[in-house]
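J.: With the input below, show me the fold.
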Amino acid sequence: MQRDLSHSFVVPAYGRSPHLRDCLQSLRAQTVASPIVVATSTPYDGLEALAAEFGARLCVHGPNGGIGRDWNFAVSQADTDLVTIAHQDDIYLPRFAERSIAATRAAPDVSLIATGYGELLGERERFHTPMLLIKRVLLELAFLGRRRIGSLAAKQRALRFGCAISCPTVTLRVDADGPGFREDLKVNLDWDAWLRRARRPGSFVYVRQSLMLHRIHASSETTAAVIDGVRAREDMEMFRALWPPAVAGWLARVYALSYAAGERE
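T.: Numbers count the residues shown, from 1 in each chain. The predicted model follows:
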C-alpha cells in the first residue's frame, strides 16, 4: 500500500494580526496532526511564545522583501511532501488536512490540491455568495465532475477566466525544481504560480467540501491593491498570458467588476 504523503502547514505571519491565534488554534485542532511553521520577516515581542503555545516552529528571516519572498521562505522551511500556506487571518476546519491528504491517494502525480471554502465576515460564516458560486462553477468547468485532472487544457480552464483556485485552500506538492512565487507581484502571485504549475506535469485535485474559512476585511493587502490599481495591472498581465490582447482586455474589465463590488478576495 502506498504511504500517505507527509504534510505541514506554514503560516507567513506579517505584522501583528489579531487573528493569528485563532488561525494557529484551528491548525492545532486538525483531526490529522501536521507540523506547523510560523515564518516571519516582521517579528515582535510575544510571537515566539504564541507559536510555542500551539507547538509551532518559528522561523525568522529578513529584511522584509514583500509577500512573494515571505511565501517562498515559508515554503522552504517545510520538510514534508505537501505544504499548505495557511493565511494568518483564516480558519481551517478540523478535517482540512485529513481530506487534503486523503485526496492524493488516487493521484500519485499530484501537484496541487484545492478545497472548497467559505467566507468569514466578522463572526458570520457564509458559503453561498455570488462570487463563491462563480468560482465553484469555474472549477466544475475544469474538473467536469472529476476529482483529478492532468491535462494542460483542463488545468488551464480553472485559470482562464480568473483565478478560481483560491490560495488559502491550496496544498502544494513540494518540488525543489518546481516554480516558486514571483517576488515582483503583489496580488496575483498565486494565480501566476498555479498557471506555471499547470504547464508542468502533475495533476490538480479538487476536494469539493468547504474545509476552511477565508476572512474578509477592509484592511487586507488585496483591498489596498484594488485601491492603488496594482490588481488591475496584474489581472491584465495574467489574462494576456492566456488570451489574445482584445479578449484579455475585455475579461480584465469584467473581472474588475467583482472586486469593485467587494465580492472578490
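
J.: what's the offset of the helix or strand where residue 255 lies from the middle of its chain?
T.: Using DSSP states H and E, residue 255 sits within helix 245-260. Chain-centre distance of helix 245-260: 22 Å, with CA atoms, centre = their mean, to the nearest Å.

J.: Then stretch 69-89?
T.: Here the centre of stretch 69-89 is set off from its chain's centre by 10 Å, with CA atoms, centre = their mean.

J.: That one: end-to-end distance?
T.: End-to-end span of stretch 69-89 (CA to CA, to the nearest Å): 19 Å.

J.: which parts of it are buried?
T.: By 16 or more other CB atoms under 10 Å, the buried positions in stretch 69-89 come out as 69-78, 80-89. Every residue, glycine included, has its C-beta placed from N, CA and C.

J.: same question, stretch 146-153
T.: Residues of stretch 146-153 classed as buried by neighbour count (16+ other CB under 10 Å): 148, 149, 150.

J.: Show the end-to-end separation of that stretch, please.
T.: OK, stretch 146-153 end separation, CA to CA: 14 Å.

J.: Next: stretch 102-113.
T.: By CA to CA, the extent of stretch 102-113 from end to end equals 10 Å.

J.: ditto for stretch 14-29
T.: Length of stretch 14-29, first residue to last, CA to CA: 22 Å.

J.: Could you give the separation of that stretch from the chain centroid?
T.: 16 Å.

J.: Identify the residues contacting that stretch?
T.: For stretch 14-29, contacts defined as CB atoms under 8 Å, 6 or more residues apart in numbering pick out 9, 11, 13, 34, 36, 38, 40-42, 44, 50-51, 53-56, 64, 67, 70, 86-94, 215.

J.: The same query, at a cut-off of 6 Å, please.
T.: Residues from elsewhere that reach stretch 14-29 (CB atoms under 6 Å, 6 or more residues apart in numbering): 9, 36, 42, 44, 54, 88, 89, 90, 91, 92, 94.

J.: how about the last one, secondary structure?
T.: Per DSSP: H, G, I helix; E, B strand; the rest coil, the local secondary structure of residue 94 is coil.

J.: Tell me who's in contact with it.
T.: 29, 30, 31.

J.: Retrieve the pLDDT associated with it.
T.: Here, the pLDDT recorded for residue 94 equals 98.

J.: ok, now how distant is it from residue 212?
T.: Distance from residue 94 to residue 212, counting by CB to CB, to the nearest Å: 10 Å.
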